[in-house]
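Engineer: sequence plus predicted model, see below.
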Amino acid sequence: MTESVTPPPQTSPLHAEHEALGASFTDFGGWLMPVRYSSDLAEHHAVRTAAGLFDISHMAEITVSGPDAGAYLDEALAGRLSTLPHMKAKYSLLLADDGGIIDDLIVYRTGEAEWLVVANAGNRGPAVEALHARRGVHEVELVDLTETMALIALQGPAAERILGRVEGLDTTDELSGGTTLETLRYYAAMGMTWRGGSVLVARTGYTGEDGFELYVDVEHAAELWRAILAAGEPDGLVPCGLAARDTLRLEAGMPLYGHEIGRETLPVQAGLGRVVVTDKPHFVGKAAIEAGPAAGAPVLVGMVGEGRRAARADYPVFDGDREVGVVTSGALSPTLGVPIAMAHVHPDVAAHGTALAVDVRGTRIPFTVVPLPFYKREA
């Protein structure tokens, strides 16, 4: 009998850059990624006050093209992608037949008959498999570009100013369609050039701050990474790891696959019912979505606690002596200075203002249900 061997984690095309910067690493979604460079708190605060630079090349990128691409995506995903304007983006969900979430995605329309689907690293396999299985009679081509594309995220209030002075990152009318960094709207994208190649620059992110995500060929990624760091030095730009990214997205109330959402979660349970377009003739999971969750099925809430002790994932939530749920993500908020958490709880304790408690290593800590997000940047 041959024992199965777990393959070593993949490394980012920027791995050598991270090593040179003294990063600590962790295995995330099958990739060896930076978890921090200096301290979690310093990196978190840099993004909230200036800017941070993240390597998110572990994300999966799949192009969908062909004459039936729009109709295919409308059936394959929960949203309506066929009407997405050129160079705009949309958050969407890849559902199973039972309505459970296989993955949450960002989808860009990059051409008349071409879309870019961005999936989570740990769900690359299931997402690609599901997308292929849903082709049916549609005339559509799917190409997994993950191995050839790097993804860099510049996030923070100084992001636009920093990106605008990166030497060699240029705008052309042919690629940008007349859009500039200053006029680029949230959840929109534009083309730029870098070292003779094209870069897709999107005003998107996972931190709750203004910022950009840059899709670049792997052979040019390290040079672009260094150029952005150099351009951002006067503004206090720092490289940031996954630990800061997690506390930033938690403060912004953004779900993380495997925590707030997953195969056992219907979108409405996670506050994502608005993502699903139910008036389409057909999409995978439609019948289950229309039937809705079972009575008493848990729903996602935000909670703020007392004191300084953080509630962590999998800690039980109580209403008096009754266990009513479980924490999905939690931390002592670096920005707000109080414990914050998201949790799946019974719907009868989900109303804002409800007093609950979390068992933090044997001690019941008072928490109160509050609206999400915990933090929202000033416009």
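Structural biologist: Nice, I can see it.

Engineer: what residues sit buried inside the lowest-mean-pLDDT helix or strand in the chain?
Structural biologist: Every helix and strand in the chain was compared by mean pLDDT, DSSP states H and E; the lowest is helix 173-176, with a mean of 80. Applying a neighbour-count criterion of 16 or more other C-beta atoms under 10 Å, one finds 175-176 buried in helix 173-176. (Each C-beta comes from the backbone N, C-alpha and C, glycine too.)

Engineer: swap in stretch 279-293?
Structural biologist: Applying a neighbour-count criterion of 16+ other C-beta under 10 Å, the buried positions in stretch 279-293 are 283-286, 288-289, 293.

Engineer: also stretch 358-376?
Structural biologist: Across stretch 358-376, burial judged by 16+ other C-beta under 10 Å covers 358, 360, 365, 367, 369, 372-375.

Engineer: so what's the gap between it and the chain middle?
Structural biologist: With C-alpha atoms, centre = their mean, to the nearest Å as the basis, stretch 358-376 stands 23 Å off its chain's centre.

Engineer: how about it as CSV, C-alpha atoms only?
Structural biologist: The C-alpha atoms that make up stretch 358-376 are tabulated as CSV, following Å, rounded to 0.1, in the frame of the first residue of the first chain:
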residue,chain,number,x,y,z
VAL,A,358,-18.5,34.0,24.1
ASP,A,359,-16.6,31.3,26.0
VAL,A,360,-13.0,32.5,25.7
ARG,A,361,-10.9,29.7,27.2
GLY,A,362,-13.3,29.0,30.0
THR,A,363,-14.4,32.6,30.7
ARG,A,364,-17.7,34.0,29.4
ILE,A,365,-17.0,37.4,27.8
PRO,A,366,-20.0,39.7,27.2
PHE,A,367,-20.6,40.5,23.5
THR,A,368,-23.3,42.6,21.8
VAL,A,369,-24.7,42.0,18.3
VAL,A,370,-23.9,45.0,16.0
PRO,A,371,-24.3,45.9,12.4
LEU,A,372,-21.5,45.0,9.9
PRO,A,373,-19.0,46.4,9.0
PHE,A,374,-17.2,47.3,12.2
TYR,A,375,-15.1,49.8,10.3
LYS,A,376,-15.9,52.0,7.3
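
Engineer: so what secondary structure elements neighbour the lengthiest helix in the chain?
Structural biologist: Using DSSP state H to assign secondary structure, the helix with the most residues in the chain is helix 218-232. The contact analysis (3 or more C-beta pairs under 8 Å, 6 or more residues apart in numbering; DSSP states H and E) places helix 218-232 against helix 15-20, strand 52-55, strand 149-155, helix 159-164.

Engineer: between the buried residues of stretch 358-376, which is closest to His18?
Structural biologist: Proximity to His18 was ranked across these by C-beta to C-beta; first place goes to Tyr375, at 27.1 Å.

Engineer: what strand or helix carries Ala127?
Structural biologist: Ala127 is part of helix 124-133, with elements assigned from DSSP states H and E.

Engineer: beyond that helix, next helix or strand please.
Structural biologist: strand 141-144.

Engineer: quick one, domains of this structure?
Structural biologist: In terms of domains, the chain is parsed into 10-59+148-250, 60-144 (source: the TED database).

Engineer: can I get those domains in JSON lines with distance to Asp348?
Structural biologist: Supplementary listing: these in JSON lines, determined by distance: least, C-beta to C-beta, whole Å:
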{"stretch": "domain 10-59+148-250", "distance to Asp348": "25"}
{"stretch": "domain 60-144", "distance to Asp348": "22"}
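
Engineer: following the chain onward from the least confident helix or strand of the chain, which element is next?
Structural biologist: Using DSSP H and E, the helix or strand that follows helix 173-176 towards the C-terminus is strand 189-194.

Engineer: that following strand pairs with which strands?
Structural biologist: Here the strand partners of strand 189-194, with direction, are listed using DSSP bridges: strand 169-170 (antiparallel), strand 197-202 (antiparallel).

Engineer: which parts of the stretch 251-379 of the chain are strands?
Structural biologist: In the stretch 251-379 of the chain, the segments counted as strands under DSSP state E, counting those that start in this stretch are 299-305, 316-319, 322-332, 339-345, 355-360, 363-370.
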